[in-house]
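Trainee: How does the following fold in three dimensions:
(chains A and B)
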Amino acid sequence: MGHAAIIAGQGFNGVSLASILLLTALGLALSFGLMNVINMAHGEMLMVGGYLSFLATKMVHGPLAFPFALLLSFAGAALLGALLEVTVIRWLYGRPLDTLLATWGVSLILQQAARSLFGAIGVEVVAPHWLEGSVSIEHGLLAGLSMPYVRIFIILLTVAVLGLLMVFIARTRWGLYLRAVHQDREMAQALGVNTRWVDLVVFSMGTGVAGLAGAALALIAPVTPTVGQSYVVYAFLVVIVGGLGSLFGTTLAALLVGLFSAGVQMFTSISLADVWLLVLVILFIQFRPKGIIYQRSRAMKEA
Amino acid sequence: MKSMFGKYVKLAAVVTVGIGLSGPLSAQDATVKVGVLHSMSGTMAISEVTVKNATMLAIDQVNASGGVLGKKIVPVIEDGASDPAIFSQKAQKLIQQDKVVTVFGGWTSASRKAMLPVFERFHSLLWYPVQFEGNECSPNIMYSGAQPNQQILPALQWAFEKGKKRVFLLGSDYVFPRTANLILKKHILHDGGTVAGEEYVPLGGTDFSSIITKIKMAKPEVIFSTLNGDSNVSFFKQLAAAGITQSQLPVMSFSIAEQEAKAMGPSLVNGSYAAWNYFESLNNPANKKFIAAYKAKFGANAVLDDPMVHGYIDVLMWAAAVKKAGSFDPNAVRKAATELGATSSPMGQVQFADNQSLYQTAYVGQLQPDGQFKVLWQSKEPLRPDPYDALAFPGKHCVIK
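Mentor: Numbers count the residues shown, from 1 in each chain, chains lettered A, B, ... in the order given. Here you go, the predicted structure:
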């Protein structure tokens, strides 16, 4: 492999990592960024999505299996998110510490439930045939570079989800409500926006996207009871670096974290690359405490 | 068969009770308690429950043949919950409250390290059934699992015999892989090979994209993997997605046995290699009897593997040592265990050496589509266990008095 192929390969790996981080972080950006709710059970929504996609591929065979798995993991995680919002989070708005503890408890319950139902060893989702193999470049400057189809698929899925989410926020009525509530909850309420419904929809949409992330991740890694734990910390990092309340900032931050990790991992071990990443984030927060992109709003001022 | 077996059990029970009644002892004293300490919950449960099962099978068999010194063995089972601190607490509880004469248990090196001071303080004896990194030598532990020179070094010897001298070392980031690779590196260089790379992922790590790039750059001839648990699934999946097959670049794993292959799905790891001291596919009479007995007790779908057999023979060796010593005293038992001589077992001939580890044969196998290993190579004779590798830990020796 030549230098150009290695650099291109690691660039691709970085973008691939970034896309999984972004899928996980989008839901957090919505709940943490817009509603100021720290959902510690967010990682478990990813896990639930993974297990649902496992069940879906067991139930349905043939070419429709995987699209069905994606749909089921989104819908299932969104429903579970809605349930969580109605039963726990709704009662704790404005009490971030209580929310944090309560959702952490939920996360432990979900992990143990998964362990009891599916066992401690992970289950595996077999990728459909059209995702097997990779794009390999044999000649020229980039000879030796290979890009697995599954990773390309995950990147495309992330772009699609991001696009749909942006259209939803910018173009639809519910998106308008969402922005209104984010900017000034009381004013929006006074103007007749049902903020309870907006909270419910936004929150369950966020967990649904995390479920999708779980289904995507299941293509390259096993689904285990603790799979959410290994991604949720990075997702919080991405949201904080990106700036609360900005999807564009979240996207930039995910790319930054993904590319930085992939780059540093070439020169040092994975554990040490994580250390460098955290050092970078801490330094960054010193200079830009509000993240890459900072939106002014009353909700933010109160926070 | 079953009714006959039942008859023997009853007969044995009658004889045991008879001995108990005829002597000066009361019926209460006709039993002896042993501890069985494995993780029944948490991450390690999947592996440790099966070792516990094999241990229980051995206890049943010893009881069916009359017990030890006329006493029936009563196991006290405790859950280590995959947590070293709990292992240490439960070990103390077993020794102090339950007054067990010995304990069978442990899996991770962390759990063993946590229990070691307890067994030393109370002068008790632990039978540890899993292969490990060596570099430890306690009179209060019987190490029946492989030392490095009985698993990882024979695997290296096999790879070198096959002409694969460019080795890439890959492991999870904790004590076993770090120590195993330290020893491997010394031997690779000493024997004229090349270390193509050495990489670690955090326990449970799932992203291998950068490591696969590094593997491609390093162009190794074989990968020696001490990855643990679920990381294996991610690694094999991503290796296959990157277009690297087992025939191009074989992977030799030290943590994938029949149980793990079954849980991961044999198709994923088909064709990869492993080194152990037992495979279910070993063809010897003792193994056939062991497999039949285990499946009769725990179901026909059960698979057997290396740590399970070690858990099983630990009980048999303990019973034999107690008989030889004529006492349950841990000090007398551990000395007697090292003087038992060679015994046949499902793994072939075994014998406890004077350093309280086991002489055993090393095997290299290749995973077949049915999840069983085909034995490709075995050491000429049972290997003497060596806790301190001469190249990695020069000048250190394990002498137990």
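Trainee: what does chain B have sitting close to chain A?
Mentor: B:42-46, B:173, B:199-202, B:204-207, B:209-211, B:213-214, B:216-217, B:229-230, B:233-234, B:237-238, B:241-243, B:260, B:263-265, B:268 (Cβ under 8 Å from any Cβ of the partner chain). (Each C-beta comes from the backbone N, C-alpha and C, glycine too.)
Trainee: Contact residues of chain A facing chain B?
Mentor: Looking at chain B, the residues of chain A close enough under Cβ under 8 Å from any Cβ are A:1, A:6, A:9-10, A:13, A:16-17, A:115, A:119-122, A:124, A:132-134, A:136, A:144, A:146, A:148-151, A:217, A:220-222, A:224, A:226-227, A:230, A:261-262, A:265-266, A:269-271, A:274.
Trainee: Please flag which of those sit within helices.
Mentor: Among those, the members found in helices (DSSP state H) are A:6, A:9-10, A:13, A:16-17, A:115, A:149-151, A:217, A:227, A:230, A:261-262, A:265, A:270-271, A:274.
Trainee: Narrow those to just the buried residues.
Mentor: Neighbour-count burial (16 or more other Cβ atoms under 10 Å in any protein chain shown) is assigned, among those, to A:6, A:9-10, A:13, A:16-17, A:115, A:149-151, A:217, A:227, A:230, A:261-262, A:265, A:270, A:274.
Trainee: residues contacting A:Met40?
Mentor: A:100, A:103-104, A:106-107, A:232 (Cβ atoms under 8 Å, 6 or more residues apart in numbering or on different chains).
Trainee: and it, which of the three is it?
Mentor: coil (DSSP: H, G, I helix; E, B strand; the rest coil).
Trainee: rewinding a little: show me which of the contacts of A:Met40 is closest to chain B.
Mentor: Proximity of these to chain B, judged by Cβ to the nearest Cβ, is greatest for A:Val232, which lies at 13.3 Å.
Trainee: Tell me which stretches of the stretch 51-200 of chain A form helices.
Mentor: A:65-87, A:96-118, A:149-171, A:173-183, A:185-190, A:195-217 (DSSP state H, counting those that start in this stretch).
Trainee: could you measure whatever residue of the stretch 51-200 of chain A ends up closest to chain B against B:Lys237, distance?
Mentor: The minimum distance from the stretch 51-200 of chain A to chain B, using Cβ to the nearest Cβ, falls at A:Pro148 (3.8 Å). A:Pro148 sits 10 Å away from B:Lys237, going by Cβ to Cβ, to the nearest Å.
Trainee: got it, and B:Tyr388?
Mentor: 37 Å.
Trainee: the more surrounded of those two?
Mentor: B:Lys237 (24 against 20; other Cβ atoms under 10 Å in any protein chain shown).
Trainee: show me what contacts the more buried one?
Mentor: Counting by Cβ under 8 Å, 6+ apart, B:Lys237 makes contact with A:124, A:220-222, B:268.
Trainee: Within the helices and strands, which one has the residue nearest in space to the middle of chain B?
Mentor: Residue closest to the mean C-alpha point of chain B, counted by Cα atoms, centre = their mean, is B:Val130 at 2.5 Å. Assigned by DSSP states H and E, B:Val130 belongs to neither a helix nor a strand.
Trainee: pretty sure it is touching B:Pro307, no?
Mentor: Yes. Contact criterion Cβ atoms under 8 Å: B:Val130 and B:Pro307 qualify, at 4.9 Å.
Trainee: Now do the shared contacts for the two.
Mentor: With Cβ under 8 Å, 6+ apart, B:Val130 and B:Pro307 have common neighbours B:51, B:107, B:145.
Trainee: between the residues you listed, which has the most around it?
Mentor: Busiest of the shared contacts of B:Val130 and B:Pro307 [other Cβ under 10 Å] is B:Val51, holding 29 neighbours.
Trainee: burial of the closest residue to that one other than its chain neighbours, as a residue count?
Mentor: In this structure, B:Val51 finds its nearest non-sequential neighbour in B:Gly311, 4.1 Å apart by Cβ to Cβ, 6 or more residues apart in numbering or on different chains. Each residue near B:Gly311 was counted by other Cβ under 10 Å, and the total is 30.
Trainee: Tell me which helix or strand comes right after the helix or strand where B:Gly311 lies.
Mentor: Following DSSP H and E, one finds B:Gly311 within helix B:306-325. On the C-terminal side of helix B:306-325, the closest following helix or strand by DSSP H and E is helix B:330-337.
Trainee: Buried ones in that following helix, by neighbour count?
Mentor: Neighbour count says helix B:330-337 has B:330, B:333-337 buried, by 16+ other Cβ under 10 Å.
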